[in-house]
Every structure is written in C-alpha cells, then in structure tokens.
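In: next come a sequence and a model predicted from it.
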Amino acid sequence: ILAFEGEGTEESPYLVSTAKQLDMVRRNLTAHYLQVNDIDLTDYTSAITSNYEAFGFEPIGCLSFDNVNDYWSSGQASIIEDLSFSGVYDGGNKKIKGFWQNSPEILATVGLFGSVAGADSEIRNVNLDSPDSFIKGSGYVGAICGSISYGKIKNCSNNIPIECSYAPSFEEMYLGTTIGGITAMCGGIVDNCRNNGNITGTNQIDAAGGIVGYSGGIISESPGFIISNCVNAGDITTAGGILAGIAANAIKDNCSIINCVNKGNINCSSTSLSNSYAAGIIANTNTGCKIISCINTGNMIGAYAAGLCGNLYSSEVSNCYTEGSVTVKNDEPAETYDFYAGAITASLWSDSIIKDSFTTKNTIVNGKVVSADSIYGHSDYYAGDLSNVTCSYILNNGYEDEIKTTTWSDEATWLDGSKWILRTDRLPELVLPTE
C-alpha cells in the first residue's frame, strides 16, 4: 500500500504528489486529498485497467454499464454510492498534464473521476492541461467527472478535447451518451469552472454541454444543477443531439445558470427536428429554470437553434445577451426556418419570462439582421396560450438607460483573471483586466 503524508481528514488531508498517488486515490473513496505538485500522466496507465489496450488513466470511482443498469433496474442507490468518490479532492491549483483516456465500451462513467456522490463530496481547484491529452469514451463523459450526485465542483478547468465515436442507445444505457466539458451528469453545484476543450461526436449522441450535459446525477433523487460563474470556450460539433454552450438539457425542475458565458461555436449536423438542438446557454429547460446574467457570443447551427435557450419551458431568462449568429438547417421547407430559430429562444412556452435581455446589431438569424420578429422562433404552439408569458428585450439601441437597471455582478473572477466590466454606454463585457 502506497503511503500518503497526512491523515486523510479535512484538517490533515492526504498529500498527492505523484501519478501513482493520484491513481491510489481510488483505494479510499471517502478521504480528503490535496494535490501538492503538477502531475504528468503521459506515460501512465492505471494498473487496474492495464489489461485494456491503450486505456490510460482509469476514472476514480468508476462505474460500468452493468453497474448503472443494475441501479436503474433496482432503484438501490447504494449500488452507485458504494462505488463512487464521496470525499474531497483539492487539486491545489496545480496541473494534471498528459491526462488521456481511450475508454473501453464497458465503462459508463468517463473522466478524471467517474462517479462522485454524496452531500459532502467536492472536487475543487483541479486543472486538466494539454497538450498530449485527450478523452475518448461513451456513456457519461466529462473531463472532471462523468457524473456528480449531490456534490460540488468548484474552481476547475479543462483544456482537453473530448471525442465520442461510439454512442450506446437508450436500450443499452439510460440517457445514452452524454458529454460535458466539466461533468456529463450534474445533480449538484458547478461554480467558477472553465472549459476550453473542443467536444466532437462522430455519431449521434444524446446531449453535450460545454460545462454540463444533463441535470441530475446518476442517482435519480439527486437535485437539478446550479451552474454559476462558468465559461465555455470550446466548440461542440456532433452528428446529432441536444447541444449547448453551458448546459444541454435540464431534465430536472428548478435548475439555475447564473453569470455564465459561452464563447464556443455549436454545430449539430443532423437535420432531424427530433435530435438536433443548438443553443448558446441551454438547449432545453424544465419547469422553474432560471438563466440569469449570461452571455453568448458563439454561433449556433442546428435543426432548432437559438442564441440563449433552445426550448424555454415555464422558465425565466433575465439580464442576458447574445450576439452570435443563429442558423437553422432541417428537413422542413426553407421558408419555415424562422419558426425554428430565435436570437434568444427557438421555442417559447407559456409561463415563461424573458426580461431585461439583449441582442445586438451583430446578431444574424438565418442570414438576416435580427428584428423583433426573430427574438424567438415560435411560441407555445402546443398550449396556444401566451397570456402568462412576459417578454422585454432590447434590440441594437437603448443600452445606456436600461443597463443601469440590471443586476450584473462585477465580483466574479475566473481562473484566467477574466471578470465583468460594467459600462454605461454599452453592454457589459467579460474581459481580461488590463495591466
């Protein structure tokens, strides 16, 4: 047994300084750890998975497809909890370099950590660096962790590209393949994280988000996500799926995305309306979601496409703006494309709210400069009642008076030093501070 310095407690965490020690974290999934050196995993293969050719580093708290399907069959959370990391890993703001995974198809959770579960679990201050780093996998694939139920991910960054070439079907695995630049499944809190890694899927996947894929961890009772102060700068390109710069799909109620920025371009090549969504912040909401003080500057291409929110269902968008282009490509006649695209949202349902939100003169919707008619693509055509929808937004002008009434936070600072710069003559901007 490899000895750690420290006692594994909050007051005296185990100190992690080598690749071997990082690998041995899996031997005690409930302890506290602190990384004290940069770690290089370029030539490291986990001993446990050395029988899989060219695997790389096995996820800590790893779950197989059988584990996940056994849980969904039985409903016994202990199946997941007993195999998941439930402690605290503090990366100490050091780097993990040369991290790579070429996951065999039996693994359901892929990432540095496979599954994290527990109200006190936390991954913080972890920085996955490149070059010579990559993740290839299927199932629940996230750079920091595949799934988190109840816990927290804070102050983490990913610079590693993620690729999915095999996508299990719903019959093989609940929710199929889901990808997140930080975590694929999130039933907890993600705060002050950044993804710079591009995400690609050569086949149809179910969901991909620059920060989070789906709301809710593998454990179904875990809550929806709260994502705050996060930035995605990675591009997302797949053959199909629900795609977004911050979070792909909020299948849980009452999720929140606050003070987040997407700079990545989203391109879903499928033309099918059933599996091609592209949105700057979130592709699909459930009841009670709030998207507050968020920015999109990326360009969106999909069968449904929107600058901020693809499908806004009984939820709220406030103090947000977008300036990226929005382009629809689907199997419907081209003259109907405006129905499926919106500068802010593609589909607006009753009881939804859009307020104090902005789109600029740089925004292009289906090749045309944005207008009041292209703020949203279509409105609640299933329910047919917009009496409870609140819409207020500004096009191109009027920023000076309106911006003073918004609640943008200039306190949050990202890992690269970026922070909000508030203006009185134009929209707020997330920039690197000048020397």
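Out: Yep, that arrived. Residues are numbered from 1 along each chain as shown.
In: for residue 188, give me its contacts.
Out: Neighbour list for residue 188: 148-153, 217, 222-223, 225-226 [criterion: C-beta atoms under 8 Å, 6 or more residues apart in numbering]. Quick note: C-beta positions are derived from backbone N, CA and C, even for glycine.
In: I'd like these as a markdown table, with secondary structure and pLDDT appended.
Out: Formatted as a markdown table, the entries for the contacts of residue 188 read as follows, by DSSP: H, G, I helix; E, B strand; the rest coil; pLDDT from 0 to 100:
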| residue | secondary structure | pLDDT |
| --- | --- | --- |
| 148 | strand | 93 |
| 149 | strand | 90 |
| 150 | strand | 89 |
| 151 | strand | 93 |
| 152 | strand | 96 |
| 153 | strand | 97 |
| 217 | coil | 75 |
| 222 | coil | 76 |
| 223 | coil | 80 |
| 225 | coil | 90 |
| 226 | strand | 93 |
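In: just the buried members of those residues?
Out: For those, burial is judged from neighbour counts taken by 16 or more other C-beta atoms under 10 Å, and it is met by 148-153, 217, 222-223, 225-226.
In: quick one, longest helix in this structure?
Out: For the chain, the longest helix by residue count, based on DSSP state H, is helix 65-74.
In: circling back to that earlier point, possible to save the contacts of residue 188 as a markdown table with distance to residue 55?
Out: A markdown table is the format used below for the contacts of residue 188 (distance: C-beta to C-beta, whole Å):
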| residue | distance to residue 55 |
| --- | --- |
| 148 | 23 |
| 149 | 25 |
| 150 | 29 |
| 151 | 26 |
| 152 | 28 |
| 153 | 24 |
| 217 | 24 |
| 222 | 28 |
| 223 | 33 |
| 225 | 29 |
| 226 | 33 |
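In: ok, those residues vs residue 17, which is closest?
Out: residue 153 (22.4 Å; C-beta to C-beta).
In: residue 186 contacts residue 150, doesn't it?
Out: No - Residue 186 is beyond contact range of residue 150, at 10.2 Å (criterion: C-beta atoms under 8 Å).
In: quick one, helices of the stretch 1-150 of the chain?
Out: Along the stretch 1-150 of the chain, the segments classed as helices by DSSP state H, counting those that start in this stretch run 19-23, 65-74, 78-81.
In: show me which positions of the shortest one end up buried.
Out: With burial defined by 16+ other C-beta under 10 Å, the residues of helix 78-81 counted as buried are 79-81.
In: same deal with the first one?
Out: Taking 16+ other C-beta under 10 Å as the basis for neighbour counts, the residues of helix 19-23 that come out buried are 19, 21-23.
In: now that helix: mean pLDDT?
Out: Here the mean pLDDT over helix 19-23 is 94, rounded to a whole number.
In: touching that helix from outside, list them.
Out: The set of residues that contact helix 19-23 without belonging to it, under C-beta under 8 Å, 6+ apart, is 2, 4, 14-16, 35, 39-41, 44, 46-47, 57-58, 96.
In: what is the nearest of the residues you listed to residue 202?
Out: Among the contacts of helix 19-23, residue 57 lies closest to residue 202 (C-beta to C-beta), at 22.9 Å.
In: from residue 137, how far off is the closest one?
Out: Distance, residue 57 to residue 137, by C-beta to C-beta, to the nearest Å: 12 Å.
In: what touches both of those two?
Out: Applying C-beta under 8 Å, 6+ apart, one finds that residue 57 and residue 137 are jointly contacted by residue 101.
In: so which bits of stretch 202-218 are buried?
Out: 204-218.
In: using CSV, write out every CA atom in that stretch.
Out: What follows is the C-alpha trace of stretch 202-218 in CSV, where atoms were taken according to Å, rounded to 0.1, in the frame of the first residue of the first chain:
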residue,chain,number,x,y,z
THR,A,202,-18.9,11.4,-35.0
ASN,A,203,-22.1,9.6,-34.3
GLN,A,204,-25.5,10.7,-32.9
ILE,A,205,-25.2,11.4,-29.2
ASP,A,206,-28.0,12.4,-26.7
ALA,A,207,-26.6,15.6,-25.2
ALA,A,208,-23.4,17.6,-24.9
GLY,A,209,-22.8,20.8,-23.0
GLY,A,210,-19.6,22.9,-22.7
ILE,A,211,-19.9,22.7,-18.9
VAL,A,212,-22.7,20.2,-18.1
GLY,A,213,-24.7,17.6,-20.2
TYR,A,214,-27.8,16.6,-18.2
SER,A,215,-29.2,17.9,-14.9
GLY,A,216,-29.3,15.3,-12.2
GLY,A,217,-26.7,12.8,-11.3
ILE,A,218,-26.9,9.1,-12.0
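In: that concludes my questions; thank you for your assistance.
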